[in-house]
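Okay, here's the prediction I keep looking at, along with the sequence it came from:
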Amino acid sequence: MAHLKAALSRTLQLALVLWAVVTILFLMFRLMPGNPMAAYIDPTFTAEQQEALMAQFGLDKPLWEQYVIYLGNLLQGELGQSFRYREPVAERILALLPNTLILTFTSLIIAYAFGILAGAYLAWRRGSAVEKVAIPIVLTTRAMPEFWLGMVLLAIFSFWLGWFPAGGTRSAGSDYGGFWGLYTSPDFLAYLALPALTLAIYSQGLPLLLMRSNMLDVMKEDFVTMARIKGLSTWTVVVRHAARNALLPVMTSFAIAVGYQLQGNVVVETVFSWPGLGRELVRAVSASDYPLAQGAFLLIAVVVILMNLIADLLYSLLDPRVSHA
Amino acid sequence: MMSFRKAVTSTALLLVLSAAPALAGDPIRTIEILTRPQAAQPQEFQSVQLIAQEWRKLGLDVNVKVMPWEQMSDVVWYQRDAWDATAWQMVGRPERSDPDEIVYNLFHSSTAEKGYNFIGYVSPEYDAVAEAQRKEVDEAKRKELVFQAQELLAKDQPNMMLVHPKQSFAFDKTVWDPASVVNQSGIGIRNTWTFLSLTPLGEKKDIVLNSADNVQAINPLYISGGVDSWVFELVYDRLARVGPDGLPKPWAAESIEWTGDKTVTVKLREGMKWHDGQPVTPEDVKFSFETAVSGEAPMYAPFASNIEKIDIDGSNITFTLKEPSASFVTSSLAKINLIPRHVWEPIIEDLKTKEENAESHQEQTPIGSGPYKFERWLTNEEIVLSANKEHFNAPKADRWILRIVPNVEAALGMLRSGEINFLAEFGGDPQVLIDAAAQDGDLEVVSTVEMGFRYIAFNNRRPPFNDPAFRRALSAAVDRRLIVKAAFRGFAEPSNSIVSPALSFWHNEAVVKNFETGGEVAAKILEEAGYTLDGDRLHYPGDQKETLAQQ
């Protein structure tokens, strides 16, 4: 019963947050300076065309009416039609989403695998020379702007050494038949390497530092001392006892990172000409393409909210001491 | 409390003052000039800074206001009396090789309220010339009129023309024979003719080029982004095409003949086929022009609305116009895409029953009759076209592959590393491109004076910009060579005419040559028009008041 009540209030909260997001998105783009008609200004653009376009985009109606229509459409799962591309927003987002997801997850998995291992290692080697060198490096890479890091990697690995291509997801004119054909091809992996590496370098700092500080805490705990006294090997103590316990907050931070990474992709997708959602979002905002910008932002907001929820649930699942009652 | 005497004298003084002829008008308010940000438009931003500096020397208080394009266009276009001056640009397009579009739409009084004459220039004398050149079918006589229009604009200076920039493009000369590259006047080497004639030197036979922006649609009935037109100009044929010299040439037409001042007879080329194998018929041509005005393709409507009727006789198609139109071949026959009736008729019929129009209809596989066939479109990544070997002007290359590269520096890097072999868009400093080519050795850069131009639009509705003398002075205050050198680093031509020197037939050279500039010239014009300097602040002539609030 308590669980049911908790779940219900949780759902209500979610609905409220979503409604607020949707409303802010609606107002934000309409109150921003700029006009979707700007893209059509041309010597041959007549007054009749302007009126026809306004009507077609539904911008001739008062704001409240636009809002009601927008909410009504959303409830039916309808995101509207992009002003700029004249095609359904949902179709466009779905076409770009896989590229963004694959880049996000590849880079985060690399970042977390590396961060967790390196964090545990650095905690174990606390006070050593390795730590003195490694921590400043980690902090530096964490602080580097993504676009700068991306440009440096491009200059070195693509333009200077020629190891990796500079932009896109596949070589010009290549055809892989479909989804899986492409994503499993070496060609695709070569194109994925640099943007994924950039994002991974940018994101490894958080799991690494989190893992290290957790480890340092855990290593002071009684059960670790106990294991040491029992005469277990250092490896067993660090990996099987300390690391497993320190891992918990790092794993939940992964869920939240997925949400944030979707936004972080914006810059890297532009630097590496990666056809993802982030790049489209920037273009939609600057072109005042309200439906497309709203749709893309809404998707990102939903992912962030969901990932936060998952992080919460994961926590209580992995650590029974945390409860939602 | 004021004494009675004091009150009387001050009243008397006031009366005397208001009765006496005023020596000068009000000081001119702070003038605002709009520009886009330096990061987005470095040359424009730099030009405006230089201009503001020169204007200040005349005794004006000038405020440079920076706005992103979306906001600037919104103010300039929809709040037509709320701004003073703004930087603006007109880009070159093949169909603008005929001066009509610019001469008429930018300055005719009929477009002042809602069209492109957003500056509000109203001159009955100019209107008459602009209308006359539109109807004059005799080329020599029309040239006279277009020259006259340029002279009137030079006299009135409704805009301050700055420069015709140079466009720089590059290609890999180890892949493509440099002799096969076509430099279209006023457009540059990125054009349809180049894409047809580029001849491979070795194994690489695909033209791989870049664009910074995404492709919006490949739709023969929707005028969408500039990049989109590169694609549909290759997939679709037109009756005529603007040639490398800027003049229209018959294309899908074997011949185009004026048979009266309102009738044009076109003979359709024999043996043309749509990409699905069906023959191209005169009925298809008629259908294409009728669809433009059907209400389902509003953006193409202005280009076909002057057609009264279309008659077919064998392979001859006769267009009868409502009004004589000198630019008809360029602005209609070279503009309307030929579309297959068997594909589009059912679509158009269906759309007539619906709210949306043909602009939102994207075919899975666009079917044209053009020199390239549509193969594949990967959203925001690339477009692949393949050569139509059966075409009457078949391309020498195998495929045409457009890669979307939003990162300018990366595009140059890709050209050097071979990921692309034709740099079709470069937003950076042209000198960087030329230096990179010199260093590389495999690249060739071609810079061409554009038919497009950069200018400062004056709001002719607002004083003091409603005074031609004031506009003339402000325009004369700035030596255009300064703009060319400092803002465009030499990659531009000074301008004083809306017709680029690239369009040598229509360009009135005298207008540019006889244009005197400099601070002294400007100061003299202002003085002659009655403007006065009080201290270092410029005042209106006579007793003119400042009617607009200080911003």
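Thanks, I have it. Everything quoted here is computed from the prediction, not taken from an experiment.

Now the residue in the stretch 1-150 of chain A positioned nearest to chain B: closest residue in space, sequence neighbours ignored.
Nearest to chain B in the stretch 1-150 of chain A, going by C-beta to the nearest C-beta, is residue A:34, at a distance of 3.2 Å. (C-beta placed from N, C-alpha, C; glycine too.) Spatial nearest neighbour of residue A:34, chain neighbours left out: residue B:70 (3.2 Å); criterion: C-beta to C-beta, 6 or more residues apart in numbering or on different chains.

picking that back up, what sits against the residue of the stretch 1-150 of chain A closest to chain B?
A:288, B:68, B:70-71, B:74 (C-beta atoms under 8 Å, 6 or more residues apart in numbering or on different chains).

ok, so of these, who is nearest residue B:442?
Residue B:442 has its nearest neighbour among the contacts of residue A:34 in residue B:68, at 37.5 Å by C-beta to C-beta.

wouldn't that closest one be in contact with residue B:39 here?
No: Residue B:68 lies out of contact with residue B:39 (C-beta atoms under 8 Å); the separation is 9.7 Å.

so how far is residue B:404 from residue B:237?
Separation of residue B:237 from residue B:404 (C-beta to C-beta, to the nearest Å): 26 Å.

Neighbour count for those two, which is higher?
residue B:237 (27 against 22; other C-beta atoms under 10 Å in any protein chain shown).

Could you list everything the residue of the stretch 151-300 of chain B found nearest chain A pairs with in the sheet?
The minimum distance from the stretch 151-300 of chain B to chain A, using C-beta to the nearest C-beta, falls at residue B:208 (4.7 Å). Beta bridges link residue B:208 to residue B:401 when assigned by DSSP bridges.

Would you confirm that it contacts residue B:423?
No: between residue B:208 and residue B:423 there is no contact under C-beta under 8 Å: 10.3 Å.

show me what contacts residue 300?
Let's take chain A. For residue A:300, the contacting residues are A:259, A:262-263, A:277, A:281, by C-beta under 8 Å, 6+ apart.

My question was about chain B, not that one.
Going by C-beta under 8 Å, 6+ apart, residue B:300 touches B:221, B:223, B:292, B:335-336.

what does the model give it for pLDDT?
Residue B:300 is assigned a predicted lDDT (pLDDT) of 91.

again, but for residue A:260
Looking at residue A:260, its pLDDT is 78.

just residue B:65 next, same as before
On pLDDT, residue B:65 comes in at 96.

Same check on residue A:217?
Predicted confidence (pLDDT) at residue A:217: the value is 87.

How about residue B:21?
The model's pLDDT for residue B:21 equals 45.

sorry, back to before: can you check my assumption that the residue of the stretch 1-150 of chain A closest to chain B lies in a helix?
No: if the criterion is DSSP: H, G, I helix; E, B strand; the rest coil, then residue A:34 is coil and not within a helix.

Tell me the residues of the stretch 51-200 of chain A that contact chain B?
Residues of the stretch 51-200 of chain A lying close to chain B (C-beta under 8 Å from any C-beta of the partner chain) are A:52, A:56, A:81, A:84-87, A:92, A:95-96, A:151, A:154-155, A:158-159, A:162, A:165-170, A:172-173, A:175.

now these: which count as buried?
A:52, A:56, A:81, A:84-87, A:92, A:95-96, A:151, A:154, A:158-159, A:165-170, A:172-173 (16 or more other C-beta atoms under 10 Å in any protein chain shown).

so who does residue 149 touch?
This is for chain A. Residue A:149 is in contact with A:141, A:198, A:201-202, counting by C-beta under 8 Å, 6+ apart.

ah, no, chain B please
Contacts for residue B:149 (C-beta under 8 Å, 6+ apart) come out as B:103, B:107, B:126, B:129-130, B:133.

Helix, strand, or coil at the residue of chain B found nearest chain A?
With C-beta to the nearest C-beta, the shortest gap between chain B and chain A falls at residue B:70, namely 3.2 Å. What three-state DSSP gives for residue B:70 is helix.

hang on, it packs against residue A:41?
No: taking C-beta under 8 Å as the definition, residue B:70 is not a contact partner of residue A:41, at 10.8 Å.

Flag the shaky bits of the chain, pLDDT-wise.
Let's take chain A. The model of chain A has pLDDT under 70 over residues A:1-3, A:319-325.

my question was about chain B
B:1-23, B:550-551.

Walk me through the domains of it.
For chain B, the structural domains run B:10-91+B:157-164+B:451-541, B:174-229+B:375-441, B:240-346, going by automatic domain parsing.

mind checking the end-to-end distance for the second one?
Using C-alpha to C-alpha, to the nearest Å, the end-to-end distance of domain B:174-229+B:375-441 comes out at 9 Å.

Most neighbours out of the contacts of residue A:34, which is it?
That'd be residue A:288 among those, by other C-beta under 10 Å, with 23 neighbours.

Give me the contacts around the helix or strand harbouring residue B:318.
Using DSSP states H and E, residue B:318 maps to strand B:316-321. Applying C-beta under 8 Å, 6+ apart, the contact partners of strand B:316-321 are B:259, B:262-268, B:282, B:285-286, B:289, B:306-312, B:328.

ok, residue 274 - contacts?
In the absence of a named chain, chain A is used. A:99, A:103, A:167-169, A:195, A:265, A:268 are the contacts of residue A:274 under C-beta under 8 Å, 6+ apart.

oops, I was thinking of chain B
So residue B:274 contacts B:280, B:340, B:343, B:367-369 (C-beta under 8 Å, 6+ apart).

which one of these is nearest residue B:158?
Nearest to residue B:158 among the contacts of residue B:274: residue B:368, at 40.3 Å, using C-beta to C-beta.

and residue A:238, which of the domains of chain B is closest to it?
domain B:174-229+B:375-441 (43.1 Å).

quick one: the closest one to chain centroid distance?
In this view, domain B:174-229+B:375-441 has its centroid 21 Å away from the chain centroid, taken as C-alpha atoms, centre = their mean, to the nearest Å.

got the residues of the stretch 401-550 of chain B near chain A?
Neighbours of chain A within the stretch 401-550 of chain B, by C-beta under 8 Å from any C-beta: B:401, B:403-407, B:409-410, B:413-414, B:416-417, B:419-420.

my bad, should have said the stretch 151-300 of chain B
B:206, B:208, B:213-214, B:216-217, B:219, B:222-225, B:298-299.

longest strand anywhere in chain B?
If you go by DSSP state E, chain B has its longest strand at strand B:159-172.

would you list every one of the strands in the stretch 201-350 of chain B?
Along the stretch 201-350 of chain B, the stretches classed as strands by DSSP state E, counting those that start in this stretch are B:206-211, B:240-242, B:248-250, B:253-258, B:263-268, B:307-313, B:316-321.

residues making contact with the second one?
Outside of strand B:240-242, the residues within contact range by C-beta under 8 Å, 6+ apart are B:94-95, B:97, B:184, B:192, B:248-253, B:256, B:329-330, B:333-334.

ok, the residue of the stretch 201-325 of chain A found nearest chain B to residue A:157 distance?
Residue nearest to chain B within the stretch 201-325 of chain A (C-beta to the nearest C-beta): residue A:275, separated by 3.9 Å. Per C-beta to C-beta, residue A:275 is found 20 Å from residue A:157.

and of the contacts of strand B:240-242, the nearest to residue B:427?
Among the contacts of strand B:240-242, residue B:184 lies closest to residue B:427 (C-beta to C-beta), at 20.3 Å.

Next, that closest one: phi, psi?
Main-chain torsions, residue B:184, degrees, to the nearest 10: phi -80, psi 130.

quick one: contacts for it?
Residue B:184 touches B:94, B:191, B:193-194, B:242-244, B:246, B:448, counting by C-beta under 8 Å, 6+ apart.

Distance from the helix ranked longest in chain A to the middle of the chain?
For chain A, the longest helix by residue count, based on DSSP state H, is helix A:89-124. With C-alpha atoms, centre = their mean as the basis, helix A:89-124 stands 8 Å off its chain's centre.
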